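Chemist: pasted the sequence and its predicted model underneath.
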Amino acid sequence: MNHTKRLLPIFIMLLAAVSCKVGENYTRPDLDLPEEYYGGEKLQDSVFVGENEIATINWKEFFKDSTLNALIDAALAGNFDMQKVSKQIEIANEGFLQSKANFLPSLGANPAEFRREYFGGNFNNYGSNRSRRNHGENIPKTFYTENLVYAVSLQSSWEIDIWGKLRWQKDAALAEYMQSREFKKAVQTALVAEIASTYFNILMLKSQMTVAKRNYDLSLNTLKVVNLQYEAGENTALAIQQTESQMLRAKSLIPQLEKAYAIQENKLNNLLGRSPQEIEYKGVLDQLALDSSYSTGVPLELIQNRPDVAASELDLVASNARVGINKAMRYPSLSINASTGLNSMSFSNVFDPLGSGFAMINGALFQPIFQNRKLKTRHRIAIKEREIAEIDFKEKVTLAVTEVSSALVSIEKLEEEYTIAQERMRVTTKGMANAFLLFESGFANYLEIINAQEDALQNQLEVVQLKMQLILAKVELYRSLGGGWTAEEQEAVD
């Protein structure tokens, strides 16, 4: 046994020296990305020219709205999806810790064993010979006690990672753990954008309700004037009916907006992880202005900035590791088994280490033969799955670049639309005021004032909506660039 102990370290060192890791280490595929984003050239040249990239800006600095930032903080703590993805990270971490433990020998204990063995006279040659010694030729037909064993033992088994199977398993588990963290970042990025979008929708509806109520009050005033003109014989009953109809249309818009407002408020409460309740909003849509002094960076940076893109690449890393695992499975596996303990046929002597102690060590080399076709198939399937993961990664990167380009174009064109809509609102508002003065003076009829009011109302609602769309486009650009992940945010995920 001492001779075995001396040889064992040498044997292990030799195995470590000759062992090799089959399979290929991961290398990022060629993505053929452009040097800059397509579309929104004027915007990139004139607006997003700051020193800091949007992707490095925390949402509190980007949005600069205390109410919105408080809602986001509450959602990060209470949102159900965030809670679930945190548990997924814990599960992935357990898998990674298990993959590290695979390198260690397994150890099992048998604290107490009592075994009584029975044999018949014809069980085997040993039993037959013993029966003949004790009973001559009269072999008993019943069972008799052949052996009594009392034992206490420890067993250990250690698989030598010759071909890198365990190392590939560790690499795959690490990639899956890192991927779960990127999933959490992706969920958080999407949640921040969703809360911001819902919040700005609510502010838009709030502004539109203000416009609708103001227009309703104006319609009531117009109806009063028409009634006075009718009593003076200057108008017909048809004028009253059409003016009242226009007033009721303006009035019906109010409950429509109030319904949409309540639905959006319920949606926001659900994102916060709580039951429907009233939320106090201090912000005003007209006063909101997201900072536009940040640069967008270049498309290649999306791989590091966007959590979903990073997660897709980690999936490719894990797929590559699984190819290595399946390749290593086709090669012989070597394990070392050892056991030690106390063994005696007498209970009184079982705890005497000098008389009943034993130790054993052996090695086993296993080469799959009849499973070769199955293992070869698994290896080929793993290669195809890696190729699919590579295509998915390229698709995810291309989609991310497309989303950024689309967001840039949207911001640029919405700014043009908003400028035109504001100019038109000034014209229609002035036209409505002039029409009402002419109407009161008798130089315009009721149809002209109704048309002027309708035109002004639609234009005012359009301006509010375009303002909201412009803000949402900037939120979408922030999301598509993977914004908000500073060192502090990464620590929060960890």
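Modeler: Looks like it arrived, so ask away. Numbers count the residues shown, from 1 in each chain.
Chemist: and the residue nearest in space to the middle of the chain, which helix or strand is it part of?
Modeler: The centre of the chain sits closest to residue 183, judged by CA atoms, centre = their mean, with a distance of 2.5 Å. Per DSSP states H and E: residue 183 is located in helix 165-231.
Chemist: any idea how far the residue nearest to the centre of the chain is from residue 400?
Modeler: 16 Å (CB to CB, to the nearest Å). The C-beta positions use only the backbone N, C-alpha and C, and glycine is treated the same way.
Chemist: equivalent analysis for residue 333, please.
Modeler: As defined by CB to CB, residue 333 lies at a distance of 42 Å from residue 400.
Chemist: the two: which is more packed in?
Modeler: Neighbours per residue, other CB atoms under 10 Å: of residue 333 and residue 400, the larger number sits with residue 400, 22 against 17.
Chemist: ok, the more buried one to residue 21 distance?
Modeler: Distance from residue 400 to residue 21, by CB to CB: 33 Å.
Chemist: mind listing the strands in this protein by residue range?
Modeler: 106-119, 144-160, 333-344, 357-366 (DSSP state E).
Chemist: residues near residue 180, how many?
Modeler: With other CB under 10 Å as criterion, residue 180 counts 22.
Chemist: quick one: contacts for it?
Modeler: 85, 88-89, 91-93 (CB atoms under 8 Å, 6 or more residues apart in numbering).
Chemist: and the helices in the protein?
Modeler: For the chain, the helices defined by DSSP state H occupy 2-18, 41-46, 59-63, 66-78, 80-101, 125-135, 165-231, 237-271, 302-305, 307-328, 353-356, 372-441, 446-480, 487-493.
Chemist: for the ones you listed, give me JSON lines that also has mean pLDDT.
Modeler: Below are those laid out as JSON lines (pLDDT from 0 to 100):
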{"stretch": "helix 2-18", "mean pLDDT": "49"}
{"stretch": "helix 41-46", "mean pLDDT": "59"}
{"stretch": "helix 59-63", "mean pLDDT": "81"}
{"stretch": "helix 66-78", "mean pLDDT": "88"}
{"stretch": "helix 80-101", "mean pLDDT": "81"}
{"stretch": "helix 125-135", "mean pLDDT": "45"}
{"stretch": "helix 165-231", "mean pLDDT": "86"}
{"stretch": "helix 237-271", "mean pLDDT": "89"}
{"stretch": "helix 302-305", "mean pLDDT": "83"}
{"stretch": "helix 307-328", "mean pLDDT": "89"}
{"stretch": "helix 353-356", "mean pLDDT": "62"}
{"stretch": "helix 372-441", "mean pLDDT": "88"}
{"stretch": "helix 446-480", "mean pLDDT": "86"}
{"stretch": "helix 487-493", "mean pLDDT": "50"}
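Chemist: just those: most buried one?
Modeler: When the helices of the chain are scored by mean count of other CB atoms under 10 Å, the highest mean neighbour count falls to helix 307-328 (a mean of 23).
Chemist: tell me the angle it makes with helix 165-231.
Modeler: Here the directions of helix 307-328 and helix 165-231 differ by 150 degrees (axes from the mean of the first three to the mean of the last three CA atoms, to 10 degrees).
Chemist: ok so, going back, residue 85 is in contact with the residue nearest to the centre of the chain, correct?
Modeler: Yes. Taking contacts as CB atoms under 8 Å, residue 183 lies within contact range of residue 85: 5.8 Å.
Chemist: related to what we said a few turns ago, can you put the helices of the chain in a markdown table and add distance to residue 157?
Modeler: Listed next are the helices of the chain as a markdown table, based on distance: least, CB to CB, whole Å:
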| stretch | distance to residue 157 |
| --- | --- |
| helix 2-18 | 14 |
| helix 41-46 | 62 |
| helix 59-63 | 52 |
| helix 66-78 | 46 |
| helix 80-101 | 13 |
| helix 125-135 | 30 |
| helix 165-231 | 14 |
| helix 237-271 | 51 |
| helix 302-305 | 42 |
| helix 307-328 | 18 |
| helix 353-356 | 23 |
| helix 372-441 | 22 |
| helix 446-480 | 51 |
| helix 487-493 | 38 |
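Chemist: among those helices, which is nearest residue 52?
Modeler: In terms of CB to CB, the element of the helices of the chain nearest to residue 52 is helix 59-63, at 9.1 Å.
Chemist: for the closest one, packing partners?
Modeler: helix 66-78, helix 165-231 (3 or more CB pairs under 8 Å, 6 or more residues apart in numbering; DSSP states H and E).
Chemist: what angle sits between the last one and helix 66-78?
Modeler: Think helix 165-231. 140 degrees.
Chemist: contacts only, for the residue lying closest to residue 404 once chain neighbours are set aside.
Modeler: Nearest residue to residue 404 in three dimensions, chain neighbours excluded: residue 480, at 4.7 Å (CB to CB, 6 or more residues apart in numbering). The neighbours of residue 480, taking CB under 8 Å, 6+ apart as the test, are 306, 400, 403-404, 406-407.
Chemist: tell me the one of these nearest residue 39?
Modeler: Of all the contacts of residue 480, residue 406 has the smallest distance to residue 39: 7.2 Å, by CB to CB.
Chemist: output stretch 205-215 as PDB, nothing but the C-alphas.
Modeler: Only the C-alpha atoms of stretch 205-215 are listed here, as PDB (Å, rounded to 0.1, in the frame of the first residue of the first chain):
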ATOM      1  CA  LEU A 205     -53.700  62.000 -22.200                       C
ATOM      2  CA  LYS A 206     -53.600  64.500 -19.300                       C
ATOM      3  CA  SER A 207     -52.700  67.300 -21.700                       C
ATOM      4  CA  GLN A 208     -55.300  66.200 -24.300                       C
ATOM      5  CA  MET A 209     -58.000  66.200 -21.600                       C
ATOM      6  CA  THR A 210     -57.100  69.800 -20.800                       C
ATOM      7  CA  VAL A 211     -57.400  70.700 -24.500                       C
ATOM      8  CA  ALA A 212     -60.700  68.800 -24.800                       C
ATOM      9  CA  LYS A 213     -62.200  70.500 -21.700                       C
ATOM     10  CA  ARG A 214     -61.100  73.900 -22.900                       C
ATOM     11  CA  ASN A 215     -62.700  73.200 -26.300                       C
END
